[in-house]
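1. From the sequence below, what's the structure:
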Amino acid sequence: MSQIEATPLSPLLGARITGCSLKNGITGAEAETLRRLLRTHYLLVFHEPDLDAEAHVRFVGLFGTVRGSLNDGRPYSMVTAGVDEGIGYHADFSFTRVPLPVVSLWGDEVAGDGVAATGFINVVRLCAALPASLRERVAGHTVFHASDIVDVGQRSGQRLSRADVDRRAVACCGTSHPAILAHPESGEEILFVNEYLSVAVDGMDPEESDRLLQDIFTHLYAPQNIYTHRWQPGDLIIFDNLALQHCRTAGARRLLRRVIVSEPPLADIMPSRLPRA
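-> Predicted structure coming up:
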């Protein structure tokens with residue numbers, strides 16, 4: 001009999017999970033319970049000190065096919081951030097042709113006491129809450145997501161603007177996705193637009209596109225919409241990368257191990273590099 005307990009973290013999203021041991025292995029019944037809880041809460045938080053990479057990868061494999069995001073052959077990557085190195089809200093790899101469904105992070109090294117943090121918003125909830133006038137402007141449009149990651153194995157160095165992409169000022173690639181996207185598992189509507197990787201609404205002139213994106217961002221990133229996870233060493237999180245967006249808040253130094261789920265290999269879903277001007 002599973003002893004898993006899920007304690008909601010906020011009315012917005014998330015649950016803290018107790019009653020199972022990732023290091024000792026998850027039973028089939030426990031795995032099904034955890035998959036159901038992820039569908040319900042979108043973010044699950046565990047505390048698993050000394051969790052090794054093999055156990056982390058094995059756990060994430062319960063939710064889909066694990067793929068490495070670098071070219072070093074490892075099924076995980078290490079994500080580091082120095083003091084006050086923040087990054088805006090995004091869905092990991094939203095610029096790929098097939099968005100990634102699940103991402104997991106484990107706190108390897110975290111400075112301070114709860115000073116390093118990751119913010120989350122629920123874009124299923126916020127899509128349902130779109131004002132009618134804004135939904136009318138958004139519906140039926142696609143949005144171009146772009147990144148300076150042009151090959152598997154690279155890391156992003158900067159957020160791209162529409163001008164960067166239009167001028168081909170840096171090596172970049174990208175993909176257009178519906179602004180309102182159906183979740184491939186649940187069918188729920190997702191507002192699939194984010195401040196870090198979404199650079200333009202297709203078919204609009206730059207000024208109109210910028211106004212619409214800004215109005216979407218104002219709706220999404222209001223303070224009351226944000227749940228903040230404050231990292232402690234040994235924390236493990238796994239989240240629905242489509243239903244949620246996340247950001248790295250400026251704060252203490254941290255080193256996190258990242259494991260991602262992607263049914264196709266990343267090399268198969270990377271967009272073509274846009275030609276330099």
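2. got the contact list for the residue nearest to residue 147 when sequence neighbours are not counted?
-> In space, residue 147 comes closest to residue 95 once its chain neighbours are excluded; the distance is 4.4 Å by C-beta to C-beta, 6 or more residues apart in numbering. Placement of C-beta: from N, CA and C, glycine included. By C-beta atoms under 8 Å, 6 or more residues apart in numbering, residue 95 lies in contact with 145-147, 149, 173-175, 197, 271.
3. Of those, which is the nearest to residue 160?
-> Within the contacts of residue 95, proximity to residue 160 (C-beta to C-beta) peaks at residue 146, which comes in at 5.0 Å.
4. Checking my notes, residue 38 in a helix, right?
-> Yes. Per DSSP: H, G, I helix; E, B strand; the rest coil, residue 38 lies within a helix segment.
5. so it touches residue 240, yeah?
-> Yes. Residue 38 lies in contact with residue 240 (C-beta atoms under 8 Å); the separation is 6.2 Å.
6. joint contacts of those two?
-> Contacts common to residue 38 and residue 240, judged by C-beta under 8 Å, 6+ apart, are residue 102.
7. Looking at the two, which one has more neighbours?
-> When neighbours are counted by other C-beta atoms under 10 Å, residue 240 comes out ahead of the other of residue 38 and residue 240, with 25 against 22.
8. Can you tell me the closest non-neighbouring residue to that one?
-> The shortest distance from residue 240 to any non-neighbouring residue, by C-beta to C-beta, 6+ apart, is to residue 42 (4.4 Å).
9. Mind pulling up the pLDDT for the one you found?
-> Here, the pLDDT recorded for residue 42 equals 98.
10. Over to residue 196?
-> In this model, residue 196 is scored at 96, pLDDT.
11. Can you tell me the element it falls in?
-> Using DSSP states H and E, residue 196 sits within no helix or strand.
12. quick one: it and residue 88 touch, right?
-> Yes. Counting by C-beta under 8 Å, residue 196 does reach residue 88; the two are 4.0 Å apart.
13. between the two, what contacts are shared?
-> Common neighbours of residue 196 and residue 88 (C-beta under 8 Å, 6+ apart) are 159, 247.
14. burial count for residue 8?
-> 12.
15. Does the closest residue to it other than its chain neighbours have any beta-bridge partners, and if so which?
-> For residue 8, ignoring the flanking residues on the chain, the nearest one in space by C-beta to C-beta, 6+ apart is residue 15 at 5.3 Å. Residue 15 has these beta-bridge partners by DSSP bridges: residue 8, residue 44.
16. quick one: contacts for residue 15?
-> Contacts of residue 15 by C-beta under 8 Å, 6+ apart are 6-9, 37, 40-41, 43-45.
17. got it, and residue 86?
-> 247-251.
18. closest to residue 21 among those residues?
-> The nearest one, if we look at those relative to residue 21 and count by C-beta to C-beta, is residue 248, at 28.5 Å.
19. The residue nearest to residue 240 and residue 222: what is the separation?
-> Relative to residue 222, residue 42 is positioned 18 Å away (C-beta to C-beta, to the nearest Å).
20. Next up, phi/psi of the residue nearest to the spatial centre of the chain, please.
-> Centroid check for the chain by C-alpha atoms, centre = their mean gives residue 91 as the closest residue, at 3.5 Å. Per-residue torsions, residue 91: phi -110, psi 130 (degrees, to the nearest 10).
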